[in-house]
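Participant: Here's my sequence, what's the structure:
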Amino acid sequence: MGHCYHHALSSARKWGGTAEDYLSLHQWFDESKEIIADFRHRALRHHAQGIFELERIFGPTITISTGRVVPVRLIGEQHLLEDFGFIPSFADWVRAIRPQPWMGRAQPIHKLVDPFAEGPDTKPAAARSPHPGPGPSAA
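Facilitator: Residues are numbered from 1 along each chain as shown. Here you go, the predicted model:
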C-alpha cells in the first residue's frame, strides 16, 4: 500500500463508512513523511507503540458515518499490516539503526547545573565546612 487515502479506502471496505471516516488516522501515521520522504519515515510511528499512541490521540474508538463504532487499535494494526505484512516493534526499528559515534556523545552537564554534584575537584560533602571562608587559624 502507500498513500494514506488508499489505507482509508481499505478501512472503509473492512468496517464500512467512507474513506473520510478513517483518513485522519492514516494521515497521522504518515505525517512523518514531512521529516524524511522515504520509507525511513516509518521508524517514527509504524510500530506497536505507534498504534498505542494513535489510540491515545484519537481515543479507543471512532464512530464512523454509519454510526458504527470501530476500535482505533484495529485501524492502526490494519495500516501496519498493509505496509509490512506484520506489526514491528520499536525494537525492530532500533536494531536496524547503525550506531554512529556522535549518537553516544553525551555531555556531563550535571557538574555545570547541579550545585550538589560531586566532581573530581570537590571534596565529599562530609569534609566541607558548613560555612564558607577560612577556618580557625593555628596561631
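
Participant: only C-alpha atoms for contact and neighbour calcs from this point on.
Facilitator: Fine.

Participant: Now the residue nearest to the spatial centre of the chain: closest residue in space, sequence neighbours ignored.
Facilitator: When Cα atoms, centre = their mean is applied to the chain, the residue found nearest the centroid is residue 44 (6.3 Å). Using Cα to Cα, 6 or more residues apart in numbering and skipping the chain neighbours, the partner closest in space to residue 44 is residue 32 (6.8 Å).

Participant: for residue 23, what are its contacts?
Facilitator: Residues near residue 23 by Cα atoms under 8 Å, 6 or more residues apart in numbering: 4-5, 7-8.

Participant: now do residue 21
Facilitator: The contact partners of residue 21, by Cα under 8 Å, 6+ apart, come to 8, 12, 64-65.

Participant: what about the helices in the chain?
Facilitator: Ranges of helices in the chain, per DSSP state H, are 4-15, 19-30, 48-58, 72-84, 90-95, 110-113.

Participant: hey, C-alpha coordinates of the last one in CSV?
Facilitator: Which is helix 110-113. The C-alpha coordinates for helix 110-113 follow below in CSV (Å, rounded to 0.1, in the frame of the first residue of the first chain):
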residue,chain,number,x,y,z
HIS,A,110,25.4,17.8,35.8
LYS,A,111,28.6,19.4,37.1
LEU,A,112,27.6,22.7,35.5
VAL,A,113,24.0,22.8,36.6
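
Participant: can you give me the mean pLDDT across that helix?
Facilitator: Helix 110-113 carries an average pLDDT of 84.

Participant: Which stretch among the helices of the chain approaches residue 103 most closely?
Facilitator: Nearest to residue 103, of all these, is helix 90-95, at 12.7 Å by Cα to Cα.

Participant: what does that closest one rub up against?
Facilitator: Contacts of helix 90-95 (Cα under 8 Å, 6+ apart): 43, 47-49.

Participant: if we go to 6 Å?
Facilitator: 43, 47 (Cα atoms under 6 Å, 6 or more residues apart in numbering).

Participant: likewise stretch 44-57?
Facilitator: Here stretch 44-57 has contacts from 29, 72, 76, 88-90, using Cα under 6 Å, 6+ apart.
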